[in-house]
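Undergrad: Provided below for reference: sequence and predicted model.
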Amino acid sequence: MSNLWLDLGNTRLKYWLADDIGQIITSDAKQHLQAPAELLIGLTDRFSALAPEFIGVSSVLGEEVNAQVAESLASLAIPFEFVHVDAHHPLLTSDYDAGQLGVDRWLQILGAVDRKKRQCIVGCGTALTIDLVDHAHHLGGYIFPSIYLQREALFSGTKQISISEGTFTSISEGVNTSDAVHRGILLSIVGAINEITRRNPNYEFTLTGGDAPLLAQHLNHPIHIKDSLLLNGLMRYFDQQNESR
Ligand SMILES: Nc1ncnc2c1ncn2[C@@H]1O[C@H](COP(=O)(O)OP(=O)(O)O)[C@@H](O)[C@H]1O
Ligand SMILES: CC(C)(COP(=O)(O)O)[C@@H](O)C(=O)NCCC(=O)O
Ligand SMILES: [K+]
């Protein structure tokens, strides 16, 4: 008995095949280069070979892409379900507009939520998200352009800054354009997270998403990195669904 879990993000398609006690059998992450439905079609043979009993899907790619993805999944003749934010979930309540909250943010929170804790979940993906959860109640949060989106914005928004590659390794002041750009961008994110830790001293901070390891290096506040938080949320969501059936 195995399940296939899909996370369709704005940059990468991630999938995990897990057995019935949640052990990961295989997983992968691929940049979909803004063609997620096409990438998924290329993966259907692999998914078919993995022969899962069920496919659980998190997607923040909108109705049109989701319809294409649903069509590809339907061709596998394996039951599948897209997760939608449940404003009345037994494990998690939220002040956020349930119709607008990204299902990835909601699942990342669901994957970590602990009613005995005050938690801050930082999603380090294409957009960087910060969500505050007080004893299993989601207070709300913030959305930032990721370090890459910020660099692209400077490239397209200015005449003289044409920096399109380089590493984000320091927040010390730069003495050339490339360093000023990379350190300024990194400082904007690190500074924002530090400000949230200053305002919420008794919160437990967890980073997830592709850029979590990079950002964690620059945070002095103790943090946890959990790279498969969304996966935990998917498993919890469908386990809970079975339990409440
Ligand atoms: N423009 C880019 N160039 C190189 N790598 C990128 C770019 N945008 C994102 N990434 C990488 O892709 C990953 C995106 O993280 P991920 O959590 O998979 O995002 P999402 O869930 O938004 O698809 C990060 O590891 C980041 O380093
Ligand atoms: C903020 C996000 C783009 C993050 O997506 P990601 O970076 O993981 O691809 C996604 O959660 C989303 O589309 N949210 C909808 C808007 C909101 O959460 O208010
Ligand atoms: K957009």
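TA: Received it, and whenever you're ready, just let me know what you need. Only a predicted model underlies this, so the values are computations on that prediction, with no experimental measurement involved. Ligands and ions are numbered 1, 2, ... in the order given.
Undergrad: Strands along the protein, start to end?
TA: Listed in chain order, the strands of the chain (DSSP state E) span residues 2-8, 12-19, 24-31, 54-59, 80-82, 93-94, 118-124, 127-134, 137-145, 204-208, 223-225.
Undergrad: dump the residue contacts of residue 55.
TA: 3-6, 47, 73, 76, 78-81 (C-beta atoms under 8 Å, 6 or more residues apart in numbering). Yep, even glycine has a C-beta here, placed from its N, CA and C like the rest.
Undergrad: and if you look at residue 16?
TA: By C-beta under 8 Å, 6+ apart, the residues touching residue 16 are 4-5, 24, 26-27, 228, 231.
Undergrad: For it, which non-adjacent residue is spatially closest?
TA: The shortest distance from residue 16 to any residue that is not its chain neighbour, by C-beta to C-beta, 6 or more residues apart in numbering, is 4.2 Å, and that residue is residue 27.
Undergrad: so what's that neighbour up against?
TA: Under the criterion of C-beta under 8 Å, 6+ apart, the contact list for residue 27 reads 14-17.
Undergrad: Could you restrict those residues to the ones contacting ligand 1?
TA: Subset of the contacts of residue 27 in contact with ligand 1: empty, counting by C-beta under 6 Å from any ligand atom.
Undergrad: Save the residues you listed as CSV, and put in pLDDT too.
TA: Rendered in CSV, the data for the contacts of residue 27 read as follows (pLDDT from 0 to 100):
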residue, pLDDT
14, 97
15, 96
16, 97
17, 96
